[in-house]
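In: Provide a 3D model corresponding to the input given below.
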Amino acid sequence: MFAFLPANIILYFLARNFKVKNIILIIFSLVFYSWGEPVCVALLIFSSFIGYIFAMQIHKSETEQQKKMYLIISLIINIGLLGIFKYTGFFVNNLNALLPIDLPVPNISLPIGISFYTFQIVSYVADVYCNRVKAQESFPKFLMYVSLYPQLIAGPIIRYIDIEKEIDNREVNISNISQGINRFIIGLAKKVIIANTAATLVSTFLDGEIATLGVLDAWFGLLMFTVQIYFDFSGYSDMAIGLGKIFGFTYCENFNYPYISKSATEFWRRWHMSLGSFFRDYVYIPLGGNRKRQLLNIFVVWFLTGFWHGASWNFIIWGLYFGTIIYLEKKVLFKFTKKLPQIIQWFFAIIIVMIGWAIFYYVDLNSLSTFLKALVGLNNNPLYSDTLPITFMSNIAFVVIALIASTPIPKILFHKLNDNSKVNGNLDFVQIIFNVSLIFCTISLLVGESYNPFLYYRF
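Out: Numbering: from 1, shown residues only. Okay, here's the model as predicted:
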């Protein structure tokens with residue numbers, strides 16, 4: 001914020017043409033990535049080169065058989081690299097558990113962002129194969145698309161087709177810069193002010209002696225994790241979209257107020273939308289979609305969705321949990337739930353989502369089982385502990401603000417003020433003061449904090 005980003009922005013806007021601007025973005029992106037992953041930057045460049053080369057071969061091929069061969073080879077290499085780095089330990093551990101063998105478990109560090117940039121490369125090669133986009137002839141331009149640091153680490157998953165024209169010709173003006181700065185500051189505040197505060201409360205209730213939790217303790221801790229993961233991940237997405245806007249790129253939205261959903265199906269239309277659309281377009285529809293083997297297709301997609309998040313059984317269970325509920329909604333539940341008042345629909349949906357977050361949170365299945373028992377009072381503990389009333393009353397203002405901020409209410413109020421002619425004239429000044437205040441608050445909170453990575457870094 002005080003060295004890297006200002007240096008990048010200054011040099012970027014001093015450059016007179018997009019060729020130089022693109023080179024500056026490549027250099028800064030590779031420096032940014034190598035700052036945390038000095039070795040794995042070579043893997044990023046290699047994966048990008050594989051995608052570039054095989055997309056060019058697909059473009060040049062004259063027969064469908066050749067095109068399909070190059071597509072398959074590209075997928076095997078890039079998804080294979082993802083599998084080696086992310087899942088080798090998981091498979092070896094499970095083989096050791098199932099068979100009378102004792103294979104050494106390799107200690108392979110997961111390169112940051114590999115799940116995201118691999119999917120971007122895969123989507124590009126697939127789109128070239130399907131004639132949705134033309135193959136990019138310049139490797140530096142393609143490398144810039146893959147490595148752009150705003151979204152490299154944790155998404156959104158940006159498809160080449162969405163920014164193809166902006167690589168050579170994008171609109172860089174004061175309006176976009178202003179919008180980008182506003183979005184970046186909001187995202188930063190979401191992470192530092194709300195997500196990090198919620199994380200402290202989550203740790204208090206979910207990381208201690210789970211077996212001693214009362215029902216209300218468990219639900220409050222889970223509510224705070226529900227708050228944390230939304231503001232943490234949507235905050236990162238906002239920062240990425242904002243930075244992209246500053247440099248002239250329009251990234252896709254990744255969240256659309258998911259906690260106002262009235263079903264699990266609607267929730268996943270609003271949560272991590274770039275991932276959902278990726279699996280829909282590149283897995284679900286090619287498998288047959290709703291036309292044939294719908295049940296199998298849904299469970300394949302949701303198995304992959306869970307497994308994509310992490311090499312652990314809890315993520316697989318989490319994915320299949322949502323896949324089961326979404327299938328039941330389509331086939332049975334919607335016939336009944338849509339007759340209920342909307343507030344009841346919302347209540348059931350948020351309970352389903354929160355239970356899903358419990359599965360997501362606990363990698364250890366024994367801990368998960370103990371926590372789920374606490375949620376329904378099967379551990380024979382008091383309804384709540386002495387800690388809960390004190391913690392809740394001390395943080396009640398934060399809880400209320402966080403819950404309101406997860407809804408469209410602030411956005412609706414802002415638009416109403418913007419439409420009010422008496423207020424509109426002073427709104428820009430108020431927004432500047434608001435942004436400065438948020439920056440001051442976030443810096444103040446960060447100064448005394450230890451390292452607080454984004455949750456989705458590990459996926």
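In: Give me the three-state assignment for Ile157.
Out: For Ile157, the assignment made with DSSP: H, G, I helix; E, B strand; the rest coil gives coil.
In: Now do the contacts for it.
Out: 116, 119-120, 123, 274-275, 278 (Cβ atoms under 8 Å, 6 or more residues apart in numbering). (Each C-beta comes from the backbone N, C-alpha and C, glycine too.)
In: Quick check, pLDDT for the residue lying closest to Val283 once chain neighbours are set aside.
Out: Distance criterion Cβ to Cβ, 6 or more residues apart in numbering; nearest residue to Val283, sequence neighbours excluded, is Val301 at 5.5 Å. At Val301, the predicted lDDT confidence score is 96.
In: do Asn424 as well
Out: pLDDT, Asn424: 60.
In: what's the answer for Pro408, then?
Out: For Pro408, the model assigns a pLDDT of 95.
In: I figured it hits Tyr259, correct?
Out: No. The pair Pro408 / Tyr259 is not scored as a contact, 10.4 Å apart, by Cβ atoms under 8 Å.
In: So for the two, which sits in the more crowded spot?
Out: More crowded of Pro408 and Tyr259, by other Cβ atoms under 10 Å: Tyr259, with 19 against 11.
In: before we move on, what SS does that one have?
Out: helix.
In: For Gly323, see how far away it is.
Out: Computed as Cβ to Cβ, to the nearest Å, the Tyr259 to Gly323 distance reads 20 Å.
In: Which residue, other than its chain neighbours, is closest to Lys191?
Out: Gly235 (3.8 Å).
In: can you tell me which residues contact that neighbour?
Out: Contact analysis of Gly235 by Cβ under 8 Å, 6+ apart lists 186-191, 194-195, 454.
In: among these, which are in helices?
Out: In helices, judged by DSSP state H, the following of the contacts of Gly235 are found: 186-189.
In: out of those, who has the most neighbours?
Out: Ala189 (24 neighbours).
In: Which of the three states applies to the nearest residue to it once chain neighbours are set aside?
Out: Using Cβ to Cβ, 6+ apart and skipping residues adjacent in sequence, the residue nearest Ala189 is Leu438, 4.4 Å away. Following three-state DSSP, Leu438 is assigned to helix.
In: what residues are up against Leu438?
Out: With contact set as Cβ under 8 Å, 6+ apart, Leu438 has these partners: 185-186, 188-189, 193.
In: circling back: any figure for the gap between the residue nearest to Val283 and Ile285?
Out: To Ile285, Val301 is 10 Å away according to Cβ to Cβ.
In: now Phe247
Out: 32 Å.
In: Specify which residue of those two has the higher count of neighbours.
Out: Higher neighbour count among Phe247 and Ile285: Phe247, with 22 against 13, using other Cβ under 10 Å.
In: That one against Val172, yeah?
Out: Yes. Contact criterion Cβ under 8 Å: Phe247 and Val172 qualify, at 7.3 Å.
In: hey, where'd the strands end up in the stretch 101-250 of the chain?
Out: Shown for the stretch 101-250 of the chain, no strands are assigned by DSSP state E, counting those that start in this stretch.
In: so where do the helices sit in it?
Out: Secondary structure of the stretch 101-250 of the chain (DSSP state H, counting those that start in this stretch): helices at 114-129, 139-147, 149-152, 160-163, 174-189, 196-206, 215-246.
In: Ile433 is nearest to which of these?
Out: Proximity to Ile433, assessed across the helices of the stretch 101-250 of the chain by Cβ to Cβ, is greatest for helix 174-189 (12.1 Å).
In: Enumerate the positions of the closest one that are buried.
Out: For helix 174-189, a neighbour-count test (16 or more other Cβ atoms under 10 Å) marks 176-177, 180-189 as buried.
In: Could I get the buried residue list for the lowest-mean-pLDDT helix or strand in the chain?
Out: When each helix and strand of the chain is scored by mean pLDDT, DSSP states H and E, helix 421-447 comes last, with a mean of 80. Judged by neighbour count using 16+ other Cβ under 10 Å, the buried positions of helix 421-447 are 435, 438-439, 442.
In: Now the two most distant members of those residues.
Out: Across these, the longest distance by Cβ to Cβ is 10.6 Å; it joins Asn435 and Thr442.
In: tally of neighbours for Lys60?
Out: Lys60: 11 surrounding residues under other Cβ under 10 Å.
In: Could you check how far it is from Leu25?
Out: With the distance defined as Cβ to Cβ, Lys60 ends up 28 Å from Leu25.
In: cool, Ile229 as well?
Out: Applying Cβ to Cβ, the value for Ile229 to Leu25 is 30 Å.
In: try Ser261
Out: The spacing between Ser261 and Leu25, counted by Cβ to Cβ, is 36 Å.
In: Show me which of those two is the more surrounded one.
Out: Taking other Cβ under 10 Å, Ser261 and Leu25 do not tie; Leu25 has more neighbours (24 against 21).
In: so the residue nearest to Val283 is in which element?
Out: Assigned by DSSP states H and E, Val301 belongs to helix 294-309.
In: Please identify the buried residues of that helix?
Out: For helix 294-309, the neighbour count (16+ other Cβ under 10 Å) marks 294, 297-302, 304-309 as buried.
In: Low-confidence regions, the stretch 301-450 of the chain specifically.
Out: The model of the stretch 301-450 of the chain has pLDDT under 70 over residues 420-426, 450.
In: how about 80 then?
Out: For the stretch 301-450 of the chain, residues meeting the criterion pLDDT under 80 lie at 415, 417-429, 448-450.
In: Test my guess that Ala126 contacts Leu71.
Out: Yes. Counting by Cβ under 8 Å, Leu71 is a contact partner of Ala126 at 7.0 Å.
In: Show me how far stretch 208-220 is from its chain's centre.
Out: Remark: stretch 208-220 is offset 28 Å from the chain centroid, using Cα atoms, centre = their mean, to the nearest Å.
In: Could you check that stretch and say which residues are buried?
Out: By neighbour count with 16+ other Cβ under 10 Å, stretch 208-220 contains the buried residues 210, 213-220.
In: ok, residues contacting it?
Out: 201, 205, 221, 354, 367, 370-371, 374-377, 379, 381-385, 387-388, 391-392.
In: what do you get for stretch 71-90?
Out: Taking Cβ under 8 Å, 6+ apart as the rule, stretch 71-90 contacts 43, 47, 50-51, 54-55, 58, 105-111, 114-115, 118, 121-122, 125-126, 129, 307, 311-312.
In: change it to 6 Å
Out: With contacts defined as Cβ atoms under 6 Å, 6 or more residues apart in numbering, stretch 71-90 is touched by 47, 50, 54, 105-106, 108, 110-111, 114, 118, 121, 125, 129, 311.
In: One more: stretch 115-133?
Out: With Cβ under 6 Å, 6+ apart as the contact definition, stretch 115-133 has outside contacts at 47, 51, 54-55, 58, 67, 71, 74, 78, 82, 135, 146, 155, 157, 159-161, 164, 278, 282, 459.
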